[in-house]
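A.B. asks: need a 3D model of the following:
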Amino acid sequence: MPETIVINGKTIDRGEKVLTKISISKLPSGTVIEIPVYVFRSVHDGPVVLLMAGMHGDEVNGIEIVRRMLAKKMLYPLKGTIIAVPVLNIYGFLNFSREVPDGKDVNRSFPGNRDGSLASRVAHRFMKEVMPYVDFGIDFHTGGSSRSNYPQIRCMLDHGQNQVMAQAFAAPFILNSPFRQGSLRKEAAKTGKSILVYETGESLRFDEKGINLGIEGTCRVLHHLGMMAACPAPTEHSIICTKDVWLRAKNAGLWRSYVKLGEPIKKNQHIGSITDPYGEMEVRLNAPSGGYVIGLNNMPVVNQGDALLHISF
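C.D. replies: All right, here's what the predicted structure looks like:
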C-alpha cells in the first residue's frame, strides 16, 4: 500500500477519510459534471480495494449497494485502503440511461482517450486518477433494459486470485466470463489487477435480495482480505458455471416464460412460448441445454433475435 495516494490533485495519507470530486466536463447548460470518489485509508498496510457502481447510469442496484455501505459506515478498513465510487457514469444516471449522451458505452471505452469521445474521456480520467492504486476491485452491475439477472459473480476463473475472491464473495452463481474488448475488467487484467463483476436485478428497479447479497458478499471479500473484522456467513453454496448460452426469439410476438430466475432446468424442457396477438399462432420454446436460469427477459412483446433467457451450466 502506498504511503500517499494522490487523486484529483489531492494527497491522501494513511489514516485519512476523504471525499474528492473528479471534474469530467460540463453539460450544455454549463453545469459541471463531477464523479464523487470516497477514499478510506487505514494506518496499517494492506491492499487497495475498489468498490464501483454506476458504470451504466440506469443500473441502480450497484449504486444502492455502495450507497448503503457508505451510509452505514461499513467502509472503514482495519488495514489497507477502500476506494468507493457510487456512480461513475453521472451522465447516464441523470438521464436514466446506460450510455453517456453521445450514445457510447463507458464499459466498452477503456482505457480511454483524453481527446476522444465523452465515454472515452470518462474512462481515461478514471484510469489515470484511480486505477493505478487499485489492487483488486468489485464492479457492480445490473441486467439491461427489461432483463433481470439472478445474483451472480462474473470473472475469468483462471486469472489471478479471481476464483478465490469469487468464492469468498459467495454469490449464488459464479460464471466464468471471458474478457470483453474495451471493458474495465480487461484493461485491469493487463496490469495484473483483478476485477470481479457482480450482477443482480433489472435496470431502474431495486432488487432487495440482490442488494443485500451484494453487501454481504462485499463484506466477505473484505473480511477475507483482513480489512473487516466480521462478516455474515453465506446461506448457500455458490454454483460455478463454466459455460452459458442465451435463448433468442425466433419469432416476434408475445413472450411468456414458464420458468423463474435461479431455477434449474433440463434439456428440452418446455420453458416458454411466443404467440401472436390474435390467437392464431403459438411457438413452443424448449431449453437448448440443461443448467440454471441466470437471466430473464421480462418484456412481454419481443422481436426476432431478442434475448429471452440466459442459461448457465
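
A.B. asks: didn't Ser289 look like it was pressed against His310?
C.D. replies: No. Ser289 lies out of contact with His310 (Cβ atoms under 8 Å); the separation is 11.9 Å. Heads up, the C-betas are built off the backbone N, CA and C, glycines and all.

A.B. asks: common neighbours of these two, please.
C.D. replies: Shared contacts of Ser289 and His310, defined by Cβ atoms under 8 Å, 6 or more residues apart in numbering, comprise Val245.

A.B. asks: so which of those two has more stuff around it?
C.D. replies: Under the neighbour definition other Cβ atoms under 10 Å, Ser289 and His310 were set side by side, and His310 has more, 24 against 16.

A.B. asks: the closest residue to the more buried one other than its chain neighbours: what's it in contact with?
C.D. replies: The shortest distance from His310 to any non-neighbouring residue, by Cβ to Cβ, 6 or more residues apart in numbering, is to Gly295 (2.8 Å). Contact analysis of Gly295 by Cβ under 8 Å, 6+ apart lists Gly143, Arg147, Ser148, Asn149, Tyr150, Trp246, Leu261, Ala307, Leu309, His310.

A.B. asks: of these, grab the buried ones for ChimeraX.
C.D. replies: Those of these that count as buried under 16 or more other Cβ atoms under 10 Å are selected in ChimeraX with:
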select :143,147,148,149,150,261,307,309,310
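
A.B. asks: mind listing what Phe313 touches?
C.D. replies: Phe313 is in contact with Cys241, Thr242, Lys243, Asp244, Ser289, Gly290, Gly291, Tyr292, counting by Cβ under 8 Å, 6+ apart.

A.B. asks: confidence score at the last one?
C.D. replies: Looking at Tyr292, its pLDDT reads 98.

A.B. asks: likewise the second one?
C.D. replies: According to the per-residue confidence, Thr242 scores 96 in pLDDT.

A.B. asks: what's the neighbour count on it?
C.D. replies: Look at Thr242: counted by other Cβ under 10 Å, it has 11 neighbours.

A.B. asks: related to what we said a few turns ago, Serialize the contacts of Gly295 to TSV and add fields for pLDDT, distance to Pro178 and secondary structure.
C.D. replies: Putting the contacts of Gly295 into TSV (pLDDT from 0 to 100; distance: Cβ to Cβ, whole Å; DSSP: H, G, I helix; E, B strand; the rest coil) gives the following:
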residue	pLDDT	distance to Pro178	secondary structure
Gly143	93	19	strand
Arg147	94	20	strand
Ser148	97	22	strand
Asn149	98	17	strand
Tyr150	98	20	strand
Trp246	94	14	strand
Leu261	97	23	coil
Ala307	96	17	strand
Leu309	96	20	strand
His310	97	15	strand
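
A.B. asks: what about Leu50, how many residues close to it?
C.D. replies: Here the number of neighbours of Leu50 (other Cβ under 10 Å) works out to 24.

A.B. asks: partners of the helix or strand containing it, with directions?
C.D. replies: In this structure, Leu50 sits in strand 48-52 according to DSSP states H and E. If you go by DSSP bridges, strand 48-52 pairs up with strand 81-85 (parallel), strand 136-143 (parallel).

A.B. asks: helices along the stretch 201-313 of the chain, start to end?
C.D. replies: With helices called from DSSP state H, counting those that start in this stretch, the stretch 201-313 of the chain shows them at 208-224.

A.B. asks: about what we covered before: using CSV, lay out the strands paired with strand 48-52 together with distance to Arg121.
C.D. replies: Output for the strands paired with strand 48-52, formatted as CSV (distance: least, Cβ to Cβ, whole Å):
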stretch, distance to Arg121
strand 81-85, 16
strand 136-143, 19
